[in-house]
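Participant: Following is a predicted model, sequence given first.
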Amino acid sequence: MLLDALKDFEWLNEPEEVYFGENGMKVKATPDTDFWVNARHKFSKDNGHFFFKRGSGDFTVTAKWRFYRPEAFEQCGLMVRIDKNNWLKLSLMPEKPGDSRLATICATGGCADWALHDFNMPQDEIWYKIRRCKGEYLLYCSDDGERFHLLRRCALLHDMDEVKIGAYICSPQRDNFEAVLENIEITQNNRNTA
């Protein structure tokens, strides 16, 4: 990953331990961090680590994460965010060690849903892609960076033209989850492409 490509990125809740190397950006998630909101139960957590760039129009964001020892609900993935009550995320999210589970979550107006997907993938790396096209978001994953599988199509009720786009990591329970963001790329889509 070229550091020059990351110059326009910002942090929301920058982690204490971030290292840049030849293989990418290594991040250790602070324990008890998450992005989750449920207004009905008066619960909100907005302290996960989000590495983002501001973007508008139709775009595609693709990232590759390499991770170590994921356990219950540890996450590293992609996020599109308007504010703490309106966002969507796509990530690894095992309920127990060894699970090959991914989650797609869309929060609108302070309530997040949660859809789990079984997915046979290597236990140490995954590619994610989110594409915004004509007001809809398409969420994909891949085990090889070539063949992407569509997991979900959704919309943000309170969507705006300019949003925050990027990679995130959090650890709701443990204190030693770390992962390496090996690549992240954001490209503008042709408006005429479906």
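Facilitator: Okay, I see it.
Participant: Do me a favour and get the end-to-end distance for stretch 44-54?
Facilitator: In stretch 44-54, first residue to last residue: 23 Å (C-alpha to C-alpha, to the nearest Å).
Participant: And that stretch, what's buried?
Facilitator: 44, 46, 48-53 (16 or more other C-beta atoms under 10 Å). Placement of C-beta: from N, CA and C, glycine included.
Participant: With respect to residue 32, which of those is nearest?
Facilitator: residue 48 (10.2 Å; C-beta to C-beta).
Participant: Quick check: the gap between that closest one and residue 131.
Facilitator: According to C-beta to C-beta, to the nearest Å, residue 48 and residue 131 sit 22 Å apart.
Participant: try residue 181
Facilitator: Residue 181 sits 19 Å away from residue 131, taking C-beta to C-beta as the criterion.
Participant: of those two, who's got more company?
Facilitator: Set residue 181 next to residue 131 and count neighbours by other C-beta atoms under 10 Å: residue 181 wins out with 25 against 20.
Participant: in its sheet, what does the host helix or strand of that one sit against?
Facilitator: Residue 181 is part of strand 178-188, with elements assigned from DSSP states H and E. Sheet pairing here is set by DSSP bridges, and for strand 178-188 it gives strand 24-28 (antiparallel), strand 59-68 (antiparallel).
Participant: Need the residues that contact the last one.
Facilitator: By that I understand strand 59-68. 23-24, 55, 74, 76-78, 80, 92, 124-132, 145, 165-167, 177-189 (C-beta atoms under 8 Å, 6 or more residues apart in numbering).
Participant: swap in the first one?
Facilitator: Contacts to strand 24-28, defined as C-beta under 8 Å, 6+ apart, come from residues 1, 6, 15-20, 49, 51, 66, 76, 169, 176-183.
Participant: If any of the residues you listed are buried, put those into a ChimeraX selection.
Facilitator: Buried members of the contacts of strand 24-28, defined by 16+ other C-beta under 10 Å, are picked up in ChimeraX with:
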select :1,15,49,51,66,76,169,177,178,179,180,181,182,183
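Participant: coming back round to it: and of the strands paired with strand 178-188, who's closest to residue 153?
Facilitator: Minimum separation from residue 153 across those (C-beta to C-beta) falls at strand 59-68, 14.2 Å.
Participant: okay, the strands paired with strand 178-188 in a markdown table with distance to residue 137 and mean pLDDT next?
Facilitator: Conversion of those to a markdown table gives the following (distance: least, C-beta to C-beta, whole Å; pLDDT from 0 to 100):
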| stretch | distance to residue 137 | mean pLDDT |
| --- | --- | --- |
| strand 24-28 | 24 | 95 |
| strand 59-68 | 10 | 93 |
